[in-house]
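Asker: With the sequence up front, the predicted model follows.
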Amino acid sequence: DTPHIISGSFDVLDTKYSTDPVRIALYNNDEKLVYESPEGASEGFFSTKGQGKHWLCLENGFPHPGVDMDAIPTRQRVTRTIGFAVRVKKVPTVPGIPEELVNENGLNAPNAAGTANRLTELTQHLNENFQVLVDHMSFMKQREMVHRELHEETFTKVVWWNILEIATVVIVTFGQVLNVWWILSKRNSGARYY
């Protein structure tokens, strides 16, 4: 079993609920906790080296089946949308530097190998940060879609409310015109008989 890098990120996409009971945890092959999100965190990322099977748990505060739901606080009985991304890739290996290059250039072999390892680690770290940024952008896009739907729904309600107001004003105006016409026609018809 070769070592792999398990990395990922998460973001709670719901903004109208507290993130208090939300917990993200990663367990390794021995079922030991490798990563746990900070309490109340709405976003985060993780990266760890490991071998074998790992478990990623997204917990929403819901208990296991069979527990009395009335005993659970209301804030934990809410369904939340959590965006997450998980990546698993092999640990990159640094090939050895050919002996002829080391001897010709007067390089020290252990220093050259150490530098190559350090550059590989920095490249790997930069790549992970870039992936987290890409994940964050996709989460923002998803959140923007949810907000856009809410905006469209609200705008539609405002338009219908305005149409209802205009219809009410037109009906009231028509009723007032009819009332004035009726009063004037009664006054004119009453004047003819005197």
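Answerer: Looks like it arrived, so ask away. Numbers count the residues shown, from 1 in each chain.

Asker: use CA for all of it now, contacts and neighbours both
Answerer: Fine.

Asker: Any stretches of this protein with poor pLDDT?
Answerer: 1, 61-69, 74-76, 92-113, 190-194 (pLDDT under 70).

Asker: ok, 50 please
Answerer: Counting by pLDDT under 50, the chain shows low-confidence ranges at 101-102, 194.

Asker: now the helices for it?
Answerer: 99-105, 109-192 (DSSP state H).

Asker: Give me whichever of these is most buried.
Answerer: Highest mean neighbour count among these (mean count of other C-alpha atoms under 10 Å): helix 109-192, with a mean of 13.

Asker: Need the residues that contact stretch 32-47.
Answerer: Stretch 32-47 has contacts (C-alpha atoms under 8 Å, 6 or more residues apart in numbering) with 5-12, 18-28, 48, 132.

Asker: Quick one: end-to-end length of it, please.
Answerer: 15 Å (C-alpha to C-alpha, to the nearest Å).

Asker: Buried residues, that stretch. List them.
Answerer: Buried residues in stretch 32-47, counted by 16 or more other C-alpha atoms under 10 Å: 34-37, 41-47.

Asker: so how far is stretch 115-129 off the chain centroid?
Answerer: With C-alpha atoms, centre = their mean, to the nearest Å as the basis, stretch 115-129 stands 28 Å off its chain's centre.

Asker: on that earlier part again, nearest to residue 188 among the buried residues of stretch 32-47?
Answerer: Taking C-alpha to C-alpha as the measure, residue 42 is the one of those closest to residue 188, at 75.5 Å.
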